[in-house]
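> Got a sequence here, can you model it:
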Amino acid sequence: MIRIFALVICLASFGVEAETINKSEYIGLWKQFHGKGLANTINKAISTSKNTLKISTKFEVTLTRVFSNHQSTYFAKPVNVKFDEDLLIIRFEPKEGGYYKLVLNGWSNENSKQIFGMVYHYENNELINGVPISFIKDS
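Have a look, this model is predicted:
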């Protein structure tokens, strides 16, 4: 048992090094990320939408959510994009009686950049739903 534990610790120390994403790394186009392998297959099967996120150099943000029967696009002005330490918090303009808030953090390494967090849906200024979301940088 001790040998197995030592092996696990030893193998874990050879993991891929990553750093918390910095403010400038958020800029660009991000596509929804479902994971790899079996996680990818399962998440794609149960996902009800495809999401893309575009962040301009001025921190104007567009969130596009494509569902099976319609598409919705949400916009955030730079004044509604905030950083709280390493969290990116975006409040999208109200639309059809509701709005979204997106709270993100992420990591980057030499091969990839990923961000993940929660998208919160509000109607009549009341929280009605929150779902996890993740994106990978489109290169």
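> so where does Leu29 fall, helix or strand?
Here Leu29, judged by DSSP states H and E, is contained in strand 28-32.
> For that strand, which strands pair with it and how are they oriented?
strand 49-55 (antiparallel), strand 126-137 (antiparallel) (DSSP bridges).
> what about stretch 27-43, average pLDDT?
Mean per-residue pLDDT for stretch 27-43: 70.
> same question, stretch 116-132
93.
> Ok, stretch 94-110 next?
pLDDT averaged over stretch 94-110 gives 90.
> What residues sit buried inside that stretch?
By 16 or more other CB atoms under 10 Å, the buried positions in stretch 94-110 come out as 98-104, 106-108. (C-beta placed from N, C-alpha, C; glycine too.)
> Please enumerate the helices of the chain.
2-12, 37-46 (DSSP state H).
> returning to what we had before: pull the most distant pair out of the buried residues of stretch 94-110.
By the measure CB to CB, Gly98 and Ser108 form the most distant pair in the buried residues of stretch 94-110, at 32.1 Å.
> before we move on, back to that, of all the strands paired with strand 28-32, which lies closest to Phe83?
Short answer: strand 49-55, nearest of the strands paired with strand 28-32 by CB to CB, at 12.1 Å.
> Mind listing residues that contact the closest one?
For strand 49-55, contacts defined as CB atoms under 8 Å, 6 or more residues apart in numbering pick out 26-32, 61-67, 102, 115, 133, 135.
> returning to that earlier point: list the buried ones in the strand holding Leu29?
Quick answer for strand 28-32 (16+ other CB under 10 Å): 30, 32.
> what's the most buried one of the strands paired with strand 28-32?
For those, average neighbour numbers computed from mean count of other CB atoms under 10 Å are highest in strand 49-55, which has a mean of 18.
> one step back: can you list the buried residues of stretch 94-110 in a markdown table and add distance to Asn22?
Listed next are the buried residues of stretch 94-110 as a markdown table, based on distance: CB to CB, whole Å:
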| residue | distance to Asn22 |
| --- | --- |
| Gly98 | 31 |
| Tyr99 | 27 |
| Tyr100 | 24 |
| Lys101 | 22 |
| Leu102 | 18 |
| Val103 | 17 |
| Leu104 | 13 |
| Gly106 | 10 |
| Trp107 | 11 |
| Ser108 | 8 |
